[in-house]
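# Need coordinates for the below:
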Amino acid sequence: MSFLFNAYPLARPALFSLDAETAHELTLSSLARAYDCPLTRRLMHARPELPCTLMGLALRNPVGLAAGLDKNGAFIDGLGNLGFGFIEVGTVTPRAQEGNPKPRMYRLPRAKALINRLGFNNAGLAAFIENVKKSRWRQQGGILGLNIGKNADTPMEHAVDDYLHGLEGVYAHADYVTINISSPNTHNLRSLQGRDELDTLLAALHERRKALADKHGRDVPMAVKIAPDLNAEQIDAIADTLPRHAIDGVIATNTTLSRDAVAGLAHAGEAGGLSGPPVHALSLAVIRQLRRRLGDSIAIIGVGGILSGNDAREKIQAGANAVQLYTGLIYRGPALISECARALA
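Residues are numbered from 1 along each chain as shown. Have a look, this model is predicted:
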């Protein structure tokens, strides 16, 4: 393990003295500069090996990066150098958008949690694809997922068009594509998780995917990312809908709107999605119910509140095939990646 990985706790107080979004951008730009220098690239290199298969894809290890950290796909190679088995970037929307007004990201250190209401801020599909094409991660054997969503100003009755546009754009450049219908920060987006709405969306995507598979000569797996705030009936409805449209995976889960676990903490009343340990138990419950309903037919990626190797192991024990990290990286640093891989081994 790189000394620099273990030294992250020394750098964290300085980062936490900055606004959360500023620290996020500074960390990513510093990572990119470190990757561009051959010496620091070697110092920050890790490759934990625990080969597995996910949605038919061969992974070096089952520890991935969740979407949202690199929304524009601009830091893929630097992030891949940290030891992930797979990386997911986005969410990207067809057109560039600013997202919600700043400030829009808050730390809750006592809970090791975050609240964000970023709102799919990104540079748009064309810039996203150019960034993906410049990266070398896939050529080096890495697995890359591309996460697509709808623009905030697209009426819900035309949401399907945005997802079809996104799928068309990213298909040739992805190892898998994720359909994000669970962010709490785009108005009414989560309504697409309803039985009828989801059926309509996935039917359209399935037909477009078949046409794209014929065009490009390969079938790219497709996953759906869902919320942790669904009730049992809603989870069962989603589980029943996914196989009808040949969906390969489900990512459980996105951030939560619940504040029960952080009540009384500073910033707990801020609007947005809560991530970190408060989501862990919610995610586990969704994973368990999905696995009971789906059997082994569809892959599950467990995400939400992984701050230790034991948390990752609990996701797998609940029924996930792989895990993704985000908030845990902010509190623990890149050493968490190898720790999770060792725990899963």
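# Could you use CA atoms for every contact and neighbour count after this?
Fine.
# quick one: contacts of stretch 160-171?
92-94, 125, 129, 146, 148-151, 154, 177, 179, 201, 204-205, 208-209, 212, 220 (Cα atoms under 8 Å, 6 or more residues apart in numbering).
# list the buried ones in it?
Residues of stretch 160-171 classed as buried under the neighbour-count rule (16 or more other Cα atoms under 10 Å) are 160-167, 169-171.
# likewise stretch 50-66?
Of the residues in stretch 50-66, those scored as buried under the neighbour-count criterion (16+ other Cα under 10 Å) are 54-55, 58-66.
# In strands, which of these fall?
54, 58-59, 63-65 (DSSP state E).
# Output the buried residues of stretch 160-171 in TSV; the columns should cover distance to residue 141.
As requested, the buried residues of stretch 160-171 are exported to TSV (distance: Cα to Cα, whole Å):
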residue	distance to residue 141
160	32
161	32
162	30
163	27
164	28
165	27
166	24
167	22
169	22
170	18
171	18
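# Looking at the residues you listed, spot the one nearest residue 194.
Residue 194 has its nearest neighbour among the buried residues of stretch 160-171 in residue 160, at 13.9 Å by Cα to Cα.
# For that closest one, give its distance to residue 187.
In this structure, residue 160 lies at 15 Å from residue 187, with Cα to Cα, to the nearest Å as the measure.
# from the chain's centre, how far out does stretch 295-307 sit?
Distance of stretch 295-307 from the chain centroid (Cα atoms, centre = their mean, to the nearest Å) equals 12 Å.
# Pull it out as PDB, backbone CA atoms only.
What follows is stretch 295-307 as a C-alpha-only set of coordinates in PDB (Å, rounded to 0.1, in the frame of the first residue of the first chain):
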ATOM      1  CA  GLY A 295     -32.900 -14.900  -7.200                       C
ATOM      2  CA  ASP A 296     -29.600 -15.000  -9.100                       C
ATOM      3  CA  SER A 297     -30.900 -13.600 -12.300                       C
ATOM      4  CA  ILE A 298     -29.600 -10.000 -12.100                       C
ATOM      5  CA  ALA A 299     -26.400  -8.600 -10.600                       C
ATOM      6  CA  ILE A 300     -26.700  -6.200  -7.600                       C
ATOM      7  CA  ILE A 301     -24.100  -3.500  -6.900                       C
ATOM      8  CA  GLY A 302     -24.200  -2.500  -3.200                       C
ATOM      9  CA  VAL A 303     -23.500   1.200  -2.500                       C
ATOM     10  CA  GLY A 304     -24.200   3.500   0.500                       C
ATOM     11  CA  GLY A 305     -22.300   4.000   3.700                       C
ATOM     12  CA  ILE A 306     -19.200   1.800   3.200                       C
ATOM     13  CA  LEU A 307     -16.600   3.100   5.500                       C
END
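# Next one: the closest residue to residue 261 other than its chain neighbours, what pLDDT does it get?
Among residues not flanking residue 261 along the chain, residue 278 sits closest, at 5.7 Å (Cα to Cα, 6 or more residues apart in numbering). Residue 278 is assigned a pLDDT of 96 by the prediction.
# And residue 16, by the same measure?
On the pLDDT scale, residue 16 is placed at 95.
# Could you report the separation of it from residue 27?
Spatial separation of residue 16 from residue 27 under the definition Cα to Cα is 11 Å.
# From the chain's centre, how far out is the longest helix anywhere in the chain? Work that out for me.
Across the chain, the helix with the greatest residue count (assigned by DSSP state H) is helix 195-216. Average the C-alpha atoms of helix 195-216, do the same for its chain, and the two points are 21 Å apart (Cα atoms, centre = their mean).
# what do you get for stretch 317-331?
Going by Cα atoms, centre = their mean, the spacing between the C-alpha centre of stretch 317-331 and its chain's C-alpha centre is 10 Å.
# backbone phi and psi for residue 148, please?
Recorded main-chain torsions at residue 148 are phi -120, psi 150, according to degrees, to the nearest 10.
# which residues sit in contact with it?
For residue 148, the contacting residues are 90-93, 163, 166-167, 177-180, by Cα under 8 Å, 6+ apart.
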